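Trainee: This is a predicted model, with the sequence first.
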Number of protein chains: 4
Amino acid sequence: MPEAVRTDDISPDEPARVGRPRDPRVDTAIAKATLELLVEDGYQATTIQAIARRAGVSAPSVYRRWSSKAELIEEAVFPSGLLAPEAITGDVITDLKPYCLQILEYLSDPAIRAAIPGLLVEYQNDHAMWQRGMERSVTPMRASFRDYIAKTGRDPVVDADQLFDVMLGALFTRALNEGAEGAEAFAHAVAKVITTTLDESKVGPS
Amino acid sequence: MPEAVRTDDISPDEPARVGRPRDPRVDTAIAKATLELLVEDGYQATTIQAIARRAGVSAPSVYRRWSSKAELIEEAVFPSGLLAPEAITGDVITDLKPYCLQILEYLSDPAIRAAIPGLLVEYQNDHAMWQRGMERSVTPMRASFRDYIAKTGRDPVVDADQLFDVMLGALFTRALNEGAEGAEAFAHAVAKVITTTLDESKVGPS
Amino acid sequence: MPEAVRTDDISPDEPARVGRPRDPRVDTAIAKATLELLVEDGYQATTIQAIARRAGVSAPSVYRRWSSKAELIEEAVFPSGLLAPEAITGDVITDLKPYCLQILEYLSDPAIRAAIPGLLVEYQNDHAMWQRGMERSVTPMRASFRDYIAKTGRDPVVDADQLFDVMLGALFTRALNEGAEGAEAFAHAVAKVITTTLDESKVGPS
Amino acid sequence: MPEAVRTDDISPDEPARVGRPRDPRVDTAIAKATLELLVEDGYQATTIQAIARRAGVSAPSVYRRWSSKAELIEEAVFPSGLLAPEAITGDVITDLKPYCLQILEYLSDPAIRAAIPGLLVEYQNDHAMWQRGMERSVTPMRASFRDYIAKTGRDPVVDADQLFDVMLGALFTRALNEGAEGAEAFAHAVAKVITTTLDESKVGPS
DNA sequence: CAATAACCGAGACGGTACGTCGAGTCTTATA
DNA sequence: TATAAGACTCGACGTACCGTCTCGGTTATTG
């Protein structure tokens, strides 16, 4: 049995070099069908068999690529890491509102709204997956927010991480329940609350 | 063949006066089994058949009482209206923190944490049910919060309803993700943020 | 506990004299519904629940009167003993054909045609019931046929009982499969076959 | 996504060329379990779930092959056409008795005895199935019997088809009720009756 | 150019949950 | 005390999705 010899440099996690390559059209068809079904019929009805059916693809072709429905949906809905927002770089008062609005609108995407509760259910049986998802999405956001607060030279009366949790939690719940309706006003309210709390803080010795 | 007409007094919403009455032990056994399964195995595994099995009850006995898994779980987890918190009646600074803590701890109940994402999924296919649930739980809370703010005589810089949404959204998300861990500190943070925003507001003409 | 005192003479197998008497309209409604359902929907669909439903009666009211679906149907379809044909009394050649026709038409009754295969299925699990049914219906017929043959003074080349089984089996199968269609011709054929066999027999010493 | 068109030779009635082929052991296990249950517990208790259970097979695997219990039992009990008797080819007197005996013994098979009343019940709701079954089993028998009578050169006093119905009806009823007990004697009786009727007939002009 | 290996669609596989229905039994209020 | 209504347990019904597997067949790389 000959070894699978690698003859040229390959990115280290390249899974296979011999055999028939995967048809990229299958990947896109699955992703497209997944998003469509999520939006049209909800998480419940977005079964793997239904996805395969709509994509014109066989069920094993789906399982070959993703080991579970949760992973498939996670990847289809958050293709390149959850949120990945641009860091806040400018003035605190003027920056926070567009930042909140950006998050709110992102989370209000119909596919994302449909996917999240379902993913939360799946996470109940797979804590590791939950952790992976959080570290991919929320953790970098939290870090960039913390850096931003530090750069303002303030010593907030409320810990920066918890302030972030208040902000994100409010936006998350709003997006889940109401979607993008009244996003502008709510983003303004959230930004105002956070800004007010920051203003209250004494400026540190910097 | 006797007549089925009843001429004497019956309480108006009396569901059944003839026939074998429902065994109340069946009701409690189902509710108990539902909560246990939710906590032990998560929402996914809390199937109606599994509930019936654990309750020592037949599946039709479950379907006789609830028309769907969502309704059953909703009623088992929120027996008499979601939350039903005590209204805030005292001083704003000292009251808000225990109020937040109360909400956070209530939502951190393992059965509730397990139930909520699943219910959100079901609500995708039954908007009326979502509305019913919200009106039973969140709406009265929002109203009592608004009244409380009004009684303080303040004219908040942020609309009272949206302030409430920020508060509840933050607590809701926290409870869902972290449960009761560090509840004390987070409740303090939320209360501080809300209080600060209220303090900023000018006192109205009373 | 006071005894149930009998104050007047009652036929000895009277089952109950105290308590609420049975409503005779229930009995007739059940019987009527049973026959209707048998003819309209077949044996399979003639469930006890369906009978109760159509009769406007509760299921226990049916079970109170009959211990099983088989007994109920047996009694509804064969109210006073199966067949109970008039004995053959006259001339062999002229009598046999109307006799066969009478049997064939009786078995061709839609309710009987529908009931018989179902009853045969039930008899598989209750041999005693089968025996009871046979003794109530076939046995007296066979006896009267045997007597009739004896009275003709013939010593048949085929045993009278088996000759009867040939005759009845042919008529029974015919009625089950074709019903009353072409009954006249088939009754003639059967009578002819039996008569010919009898004619072949030598006349005994009387 | 490769093309699914096949241009080269395929046997015309090949049912499936793609997909995992059926496990033939499943087929035989189902058939075996069906016959066993019929004999042991009767038609009533031979449910599809019980068959699947005994065969060590899932219920969907049964439904994949047969659309109803009736079809499954029909095929299990009459694998290749009902009866399929050898044609009568020799002398009328000597041939008829073994022919009758053969039919009687075939119908006395415990599985067949158990199956037939149940199938008759099912046929009440599916006349087409009854017709199919008759044409597969009785019709060819009747034809071969008619040919046989014609070959004897007789012009029977009773129509050949009705003579056949008398013969088969007698044997059928006997098998259903008594099974193989006393088969020898009854086959003799039936053969005698039919033979006598044929002897009575004038020999035709050949 | 042949061998090899991973891909492809189709569909069978064992399992399990679904929600409904019929079978009988049991409990209650009523007559 | 028998009745009628209806809840009760049990289990079969037929369907759907789960995730796996086994095919025949295709498309690349490798020797």
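Mentor: Looks like it came in fine. Residues are numbered from 1 along each chain as shown, chains lettered A, B, ... in the order given.
Trainee: so which helix or strand takes in A:I103?
Mentor: helix A:92-107 (DSSP states H and E).
Trainee: Enumerate the positions of that helix that are buried.
Mentor: By neighbour count on 16 or more other CB atoms under 10 Å in any protein chain shown, the buried set for helix A:92-107 is A:92, A:95-97, A:99-101, A:103-107. Where C-beta positions appear, they are placed from N, C-alpha and C, glycine not excepted.
Trainee: can you check stretch A:53-69 too?
Mentor: In stretch A:53-69, counting by 16+ other CB under 10 Å, buried: A:54-55, A:57, A:61-62, A:65-66, A:69.
Trainee: ok, so of those, who is nearest DNA strand F?
Mentor: A:K69 (5.1 Å; CB to the nearest atom of the strand).
Trainee: Is stretch A:47-61 positioned near chain B?
Mentor: No: against chain B, stretch A:47-61 shows no contacts by CB under 8 Å from any CB of the partner chain, the least distance being 13.0 Å.
Trainee: Return the helix holding A:I103 as PDB; C-alpha atoms alone will do.
Mentor: Output of helix A:92-107 as PDB, limited to C-alpha atoms (Å, rounded to 0.1, in the frame of the first residue of the first chain):
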ATOM      1  CA  VAL A  92     -16.500  57.700  21.500                       C
ATOM      2  CA  ILE A  93     -19.700  59.700  21.200                       C
ATOM      3  CA  THR A  94     -20.000  59.600  17.400                       C
ATOM      4  CA  ASP A  95     -18.600  56.100  16.900                       C
ATOM      5  CA  LEU A  96     -20.700  54.100  19.200                       C
ATOM      6  CA  LYS A  97     -24.000  54.600  17.500                       C
ATOM      7  CA  PRO A  98     -23.000  53.400  14.100                       C
ATOM      8  CA  TYR A  99     -21.100  50.600  15.700                       C
ATOM      9  CA  CYS A 100     -24.300  49.400  17.500                       C
ATOM     10  CA  LEU A 101     -26.300  49.900  14.400                       C
ATOM     11  CA  GLN A 102     -23.900  47.700  12.400                       C
ATOM     12  CA  ILE A 103     -24.200  44.900  14.900                       C
ATOM     13  CA  LEU A 104     -27.900  45.200  15.100                       C
ATOM     14  CA  GLU A 105     -28.400  45.100  11.400                       C
ATOM     15  CA  TYR A 106     -26.000  42.200  11.000                       C
ATOM     16  CA  LEU A 107     -27.800  40.100  13.600                       C
END
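Trainee: Residue ranges in chain A under the pLDDT threshold?
Mentor: A:1-17, A:80-93, A:201-206 (pLDDT under 70).
Trainee: Close to chain D: what parts of it are there?
Mentor: Counting by CB under 8 Å from any CB, the residues of chain A near chain D are A:23, A:25-26, A:56-57.
Trainee: elements contacting the lengthiest helix in chain A?
Mentor: Longest helix in chain A by number of residues (criterion: DSSP state H): helix A:127-151. Counting contacts by 3 or more CB pairs under 8 Å, 6 or more residues apart in numbering or on different chains; DSSP states H and E, helix A:127-151 packs against helix A:69-77, helix A:110-123, helix A:160-178.
Trainee: That helix near DNA strand F at all?
Mentor: No: counting by CB under 7 Å from any atom of the strand, DNA strand F has no neighbours in helix A:127-151; the shortest distance is 12.8 Å.
Trainee: tell me the contacts of the nearest residue to A:E122 once chain neighbours are set aside?
Mentor: Leaving aside its chain neighbours, A:E122 sits nearest to A:A70 (3.8 Å; criterion: CB to CB, 6 or more residues apart in numbering or on different chains). The neighbours of A:A70, taking CB atoms under 8 Å, 6 or more residues apart in numbering or on different chains as the test, are A:118-119, A:122-123, A:126, A:129.
Trainee: of the residues you listed, closest to D:I30?
Mentor: Distance to D:I30 across the contacts of A:A70 (CB to CB) is lowest for A:E122, with 36.7 Å.
Trainee: I'd guessed that closest one sits against A:A128; true?
Mentor: No: here A:E122 lies out of contact with A:A128, judged by CB atoms under 8 Å, at a distance of 11.6 Å.
Trainee: and chain A, which residues reach chain C?
Mentor: Counting by CB under 8 Å from any CB, no residue of chain A is near chain C.
Trainee: can you list the domain ranges for chain A.
Mentor: Listed by automatic domain parsing, the domain ranges of chain A are A:24-74, A:92-203.
Trainee: Tabulate these (a markdown table), appending distance to DNA strand E.
Mentor: Below are the domains of chain A laid out as a markdown table (distance: least, CB to the nearest atom of the strand, whole Å):
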| stretch | distance to DNA strand E |
| --- | --- |
| domain A:24-74 | 3 |
| domain A:92-203 | 14 |
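Trainee: Point out the most buried one among these.
Mentor: domain A:92-203 (a mean of 19; mean count of other CB atoms under 10 Å in any protein chain shown).
Trainee: chain center to that one, what's the gap?
Mentor: 12 Å (CA atoms, centre = their mean, to the nearest Å).
Trainee: and the closest residue to DNA strand E within chain A, how far is that from chain C?
Mentor: Closest residue of chain A to DNA strand E, CB to the nearest atom of the strand: A:G19 (1.8 Å). Distance, A:G19 to chain C, by CB to the nearest CB, to the nearest Å: 55 Å.
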